[in-house]
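Enquirer: Provided below are the primary sequence and the corresponding predicted coordinates.
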Amino acid sequence: MRTAREDDFPEIIERIQRWWDDSRTPEESQKLSLLLPRLFLQHFAGTSLVLADGDGIYGFLVGFHSADHADEAYIHFVGVDPARRGQGLARELYAAFFERAGRAGRSTVRAITSPGNTGSIAFHRAMGFELEPGDREADGGVPVRDDYDGRGQPRVCFRIKLP
């Protein structure tokens, strides 16, 4: 594991488009990659993490320390190679981010996902994240904030307090 660098951007974008192609059309995978513009690695590489070996990147977490909320950090985008899922790599990335955020004086970490991403919801719950209140409840009683990222873009919001 290492700190991300701006020059990781092209490889991370390629990974997003490839790793999510089993659940999305090529157009949807392309749109998904647009959620991570280069500016995140230009301005937040120092708080983002990469798992890589001789074959390249096999996991990443892009996150940052909030400029407006001095006690908060935010996890924006996380990916693990599908061939390596189930090995605790995402948990390792989150733990490292939590540790670094805590050292920087952050006591809360936030994240979001879409209501249909049941795997992400289950993962965040297993990591100890609380579900934040929403405007309505989706399947399984999951609170959803409608239009969170714009009209027709509902999200499930998470928060965890660091020890």
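Expert: Cool, the structure landed. Residues are numbered from 1 along each chain as shown.

Enquirer: would you check how far apart the most far-flung residue of the chain relative to its centre and Ser107 are?
Expert: Residue farthest from the centre of the chain, counting by CA atoms, centre = their mean, is Gly54 at 23.9 Å. Per CB to CB, to the nearest Å, Gly54 is found 38 Å from Ser107. No exception for glycine: its C-beta is placed from N, CA and C like everyone else's.

Enquirer: one more: Asp68?
Expert: 15 Å.

Enquirer: between those two, which has more neighbouring residues?
Expert: Ser107 (14 against 5; other CB atoms under 10 Å).

Enquirer: give me phi/psi at the residue nearest to the more buried one when sequence neighbours are not counted?
Expert: Nearest non-adjacent residue to Ser107, counting by CB to CB, 6 or more residues apart in numbering: Asp71, 4.8 Å away. As for Asp71, its main-chain torsions (degrees, to the nearest 10) stand at phi -100, psi 10.

Enquirer: count of neighbours near Asp71?
Expert: Asp71: 13 surrounding residues under other CB under 10 Å.

Enquirer: wait, it touches Val109, no?
Expert: No. Using CB atoms under 8 Å, Asp71 is not in contact with Val109; the gap is 10.2 Å.

Enquirer: check this protein and tell me which residue is nearest its centre.
Expert: Nearest to the chain centroid, counting by CA atoms, centre = their mean: Phe77, 2.9 Å.

Enquirer: residues touching that residue, list them.
Expert: Ile16, Leu35, Leu36, Phe40, Phe60, Leu61, Val62 (CB atoms under 8 Å, 6 or more residues apart in numbering).

Enquirer: quick check: domain ranges of the chain?
Expert: 1-106, 112-163 (automatic domain parsing).

Enquirer: is it possible to export those domains to TSV including mean pLDDT?
Expert: Output for the domains of the chain, formatted as TSV (pLDDT from 0 to 100):
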stretch	mean pLDDT
domain 1-106	94
domain 112-163	95
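
Enquirer: for the residue nearest to Ser107, list the residues it contacts.
Expert: Counted by CB under 8 Å, 6+ apart, Asp71 has contacts Gly105, Arg106, Ser107, Thr108.

Enquirer: from Gly56, how far out is it?
Expert: 35 Å.

Enquirer: can you check Asp149 too?
Expert: Here the criterion is CB to CB. By it, Asp149 lies 30 Å from Gly56.

Enquirer: neighbours around Leu34, how many?
Expert: Burial of Leu34 is recorded as 9 neighbouring residues (other CB under 10 Å).

Enquirer: just checking, what packs against the biggest helix by length in the chain?
Expert: Taking DSSP state H as the criterion, the chain has its longest helix at helix 89-103. Packing contacts for helix 89-103, counted by 3 or more CB pairs under 8 Å, 6 or more residues apart in numbering; DSSP states H and E, involve strand 49-53, strand 56-65, strand 72-80, strand 108-113.
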